[in-house]
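Student: Structure of the sequence below:
(chains A and B)
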Amino acid sequence: EADIYQTPRYLVIGTGKKITLECSQTMGHDKMYWYQQDPGMELHLIHYSYGVNSTEKGDLSSESTVSRIRTEHFPLTLESARPSHTSQYLCASSEPDRGRTEAFFGQGTRLTVV
Amino acid sequence: QKEVEQDPGPLSVPEGAIVSLNCTYSNSAFQYFMWYRQYSRKGPELLMYTYSSGNKEDGRFTAQVDKSSKYISLFIRDSQPSDSATYLCAMRENTDKLIFGTGTRLQVFP
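Tutor: Predicted structure coming up:
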């Protein structure tokens, strides 16, 4: 089982609140990702990082922001949550191995904004 | 048109059946092909990984890639109730940007 952890697993929060979703990995991977997954839809990349102090936006536009101050930690923040942010957020990490990239996923955070 | 198309199912089969899951894609530059399994309320876990065309077998699971037809398959032999999950295909070019299918929900009943 991959050593990548997300907290909280479930979060119900009111509109306008600031939230931070935590993601940590103990594998020493440089590359980390945040995906958004809605029921019946494909995973969409919203943020990624290639290492400390590196963050990039993914394909799906998101009002969230990320930071990468330490290799093992890649938190995602929503400054003001809205019902449209309700979704499952999945964190992943990977390390190239002779051209192969294997993404390890966390358990996910299911966010509901009411 | 989506880059990766996957039938969402649900697919319901009896225990012991052979299951075939498929994805088609449009980007001929895809070189790496993966199948992830996602149990309910869990994150996806890598099940099979294939580079370029060909077959790969791992126990009851066989992954096939046909680049000429832009078609990949996952076969599950002697399916078990524990195989009930959503199966996501994923693929990428010679980068680490993964493109996922929508996932096929599989239910294996005893």
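Student: what about the residue in chain B that chain A sits nearest to, which SS state?
Tutor: Going by C-beta to the nearest C-beta, chain A is nearest to B:G43 of chain B, at 3.5 Å. C-betas here are computed from N, CA, C, even on glycine. Per DSSP: H, G, I helix; E, B strand; the rest coil, the secondary structure class of B:G43 is coil.
Student: ok, how many other residues are close to it?
Tutor: 22 (other C-beta atoms under 10 Å in any protein chain shown).
Student: do A:Y33 as well
Tutor: So A:Y33, with other C-beta under 10 Å, has 25 neighbours.
Student: in which helix or strand would I find it?
Tutor: strand A:31-37 (DSSP states H and E).
Student: Return the distance of that strand from the chain's centre.
Tutor: Offset of strand A:31-37 from its chain centre (C-alpha atoms, centre = their mean, to the nearest Å): 4 Å.
Student: The worst-scoring helix or strand of chain A on mean pLDDT: how far from the chain's middle?
Tutor: Least confident element among the helices and strands of chain A, by mean pLDDT, DSSP states H and E: strand A:104-105 (a mean of 90). Chain-centre distance of strand A:104-105: 11 Å, with C-alpha atoms, centre = their mean.
Student: again with stretch B:49-59
Tutor: Worked out by C-alpha atoms, centre = their mean, stretch B:49-59 lies 11 Å from the chain centre.
Student: elements contacting whatever helix or strand comes next after the least confident helix or strand of chain A?
Tutor: Once strand A:104-105 ends, the next helix or strand along the chain (criterion: DSSP H and E) is strand A:109-113. In terms of contacts (3 or more C-beta pairs under 8 Å, 6 or more residues apart in numbering or on different chains; DSSP states H and E), strand A:109-113 is packed against strand A:10-13, strand A:19-25, strand A:87-94.
Student: Burial-wise, tell me which of those comes out on top.
Tutor: Most buried of the helices and strands packed on strand A:109-113, by mean neighbour count (mean count of other C-beta atoms under 10 Å in any protein chain shown): strand A:87-94, with a mean of 24.
Student: That strand close to chain B?
Tutor: Yes. Contact of strand A:87-94 with chain B is found when judged by C-beta under 8 Å from any C-beta of the partner chain, involving A:90, A:92, A:94.
Student: Does B:F109 touch B:P14 like I think?
Tutor: Yes. Proximity of B:F109 to B:P14 meets the contact threshold set by C-beta atoms under 8 Å, at 6.0 Å.
Student: Format the helices and strands packed on strand A:109-113 as JSON lines; extra columns: mean pLDDT and distance to B:Q1.
Tutor: Formatted as JSON lines, these follow (pLDDT from 0 to 100; distance: least, C-beta to C-beta, whole Å):
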{"stretch": "strand A:10-13", "mean pLDDT": "96", "distance to B:Q1": "35"}
{"stretch": "strand A:19-25", "mean pLDDT": "97", "distance to B:Q1": "32"}
{"stretch": "strand A:87-94", "mean pLDDT": "94", "distance to B:Q1": "24"}
